[in-house]
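Colleague: here you go, sequence then predicted model.
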Amino acid sequence: MKKFLWLFVSILTLGLTLPNQVNAEVVVENFKETVEDEIKTMEALEKQYPDEYKEAGYGEYVDVLKKADFSNYQESDEKINVYVFRGSTCGYCLKAIAYFTSILPEYGQYFNLKTYEVWANSDNSELLENVAATLGDKVQGVPYIVIGDTAFPGYADTYNSKIEAKIKSEYESKDRYDVMQHLNDKKDGSSNTVTTANSTLLWVILVLQVVGISGLAGFMYSTNKENKEIYLSKITSLESKIDEIENSIKSEKTAKSSKTEKAKKETKTAKKTTKKTK
């Protein structure tokens, strides 16, 4: 039941923004806007689910965001861009933003932070896929941090020293690399086609949100024990369907990847054959 509650929180959060943003254009937020958005999102989450919020330990990271000092921070073309693709209510994304906030005094002079929320914006999600493809990488989730030509999938404290070193070296480099200026330069020679799996998932989540709200509401307000058992059964079934959808999308991505690899091998074989013939 606890697992479902967290699934429900995510579905509800997505559902509240999805109708207006599913077909939105790419939306980028600067450092300060990102911090304000994270604080607002987490405060709303705390009001709705105080126990789960406390258990997750989000409060300490929100406190870091609230103490952020932007008085000496200013975006500039002379600085490098650090890109962070994130999801609303994503705990690891919150930690990543809190980390970048903590290094503002020492490293804020070297970088501009630009973020893209991908769970409620399909175009931002497609941009993430495009960026990863440009770097010869595959998206496994968020946060997805990009500095120069280096991607950091996910976030953990062990990344800190590497991130700081990359920020400094990229800033001092005479040949800086900004991935947004090279989106058509695929490292693996693949096409510029972006997967639509994330867009499909967003629409499915919208439907599941309606069903999930109905089921949870019925469970919470039903006074009849037998009815509660029926609603609980429906909730459990919904949880299984969500897992099935996630697995289906993963399988679809794997299949597409296999086809791409097969095509590459066939192309290489054809080239070798042509050389021998000559």
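Modeller: Arrived safely.
Colleague: any low-confidence regions in this structure?
Modeller: The model of the chain has pLDDT under 70 over residues 1-24, 186-278.
Colleague: if we use 90, what do you get?
Modeller: By pLDDT under 90, the low-scoring segments of the chain are 1-24, 72, 184-278.
Colleague: strands of that one, residue ranges please.
Modeller: 80-86, 111-117, 144-147, 150-153 (DSSP state E).
Colleague: who does the first one pair up with?
Modeller: I take that to be strand 80-86. Paired neighbours of strand 80-86 in the sheet (DSSP bridges): strand 111-117 (parallel), strand 144-147 (antiparallel).
Colleague: reformat those as a markdown table; add distance to Val179 and mean neighbour count.
Modeller: All C-beta atoms are positioned from the backbone trio N, CA, C, and that covers glycine. Output for the strands paired with strand 80-86, formatted as a markdown table (distance: least, Cβ to Cβ, whole Å; neighbours: other Cβ atoms under 10 Å):
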| stretch | distance to Val179 | mean neighbour count |
| --- | --- | --- |
| strand 111-117 | 11 | 23 |
| strand 144-147 | 6 | 25 |
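Colleague: got a markdown table for the strands of the chain, with distance to Ser125 too?
Modeller: Compiled in a markdown table, the strands of the chain are given as follows (distance: least, Cβ to Cβ, whole Å):
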| stretch | distance to Ser125 |
| --- | --- |
| strand 80-86 | 8 |
| strand 111-117 | 9 |
| strand 144-147 | 11 |
| strand 150-153 | 15 |
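Colleague: now the strands paired with strand 80-86 in a markdown table, with distance to Ala133?
Modeller: As requested, the strands paired with strand 80-86 are exported to a markdown table (distance: least, Cβ to Cβ, whole Å):
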| stretch | distance to Ala133 |
| --- | --- |
| strand 111-117 | 15 |
| strand 144-147 | 12 |
